[in-house]
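Chemist: let's see this in three dimensions:
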Amino acid sequence: MKKYQTNLLKTVVYIGGLILTLFIFLLPWVVSGLEEVFPIAPYLQYLGFIGLYGSIVPFLFGLYQTLKFIGKINKSEAFSQGSVRILDNIRYSAGTISGLYLLGMPLLFSMAQADDAPGLVLFALMVLGGSVVTTVFANIFRIRCSSK
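Modeler: Residues are numbered from 1 along each chain as shown. Alright, predicted model coming up:
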């Protein structure tokens, strides 16, 4: 892979990290705003915090592993045993994010029904879908690396 292509991939990963940083600081404001719109029980706000902030740790770990994998690609070690471990870590991170959003889906669905806001469910489905696609591609790359 050419050097400019891996630099582009690194730039995309760094942009993902910046967006995540913005998300970390805006999340309390969003969740507290949901309490005003959806006055069901205050403890549901904490479930939202646990679900959303709980997905940040695997996301950051996945970003870090992605940068390590890009470094292996730059060194022409993309099909090494170390790359298989990195891809396993990326796959587990994406699977954890998928699981957390899947567990939080009933809560989001009930909030969207009460407020008539399908965007909440759409956002969660986009994150869930992206995590599933990441898991699938990491598994495909892992199989490819294991066969060489």
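Chemist: average pLDDT across the helix or strand where Trp29 lies?
Modeler: In this structure, Trp29 sits in helix 3-37 according to DSSP states H and E. Mean pLDDT, helix 3-37: 76.
Chemist: next one: that helix to chain centre, how far?
Modeler: 10 Å (Cα atoms, centre = their mean, to the nearest Å).
Chemist: which SSE is the residue most central in space within the chain in?
Modeler: By Cα atoms, centre = their mean, the mean C-alpha position of the chain lies nearest to Phe59, the distance being 4.5 Å. Assessed by DSSP H and E, Phe59 sits inside helix 56-74.
Chemist: buried sites along the helix or strand following that helix?
Modeler: Toward the C-terminal end, the helix or strand that comes next after helix 56-74 (DSSP H and E) is helix 81-115. For helix 81-115, the buried set under the neighbour-count rule, 16 or more other Cβ atoms under 10 Å, comprises 83-84, 86-87, 89-98, 100-101, 104, 107-108, 111-112. The way it works is simple: take the backbone N, C-alpha and C, and place the C-beta from them, glycine included.
Chemist: fine by me, we can end here.
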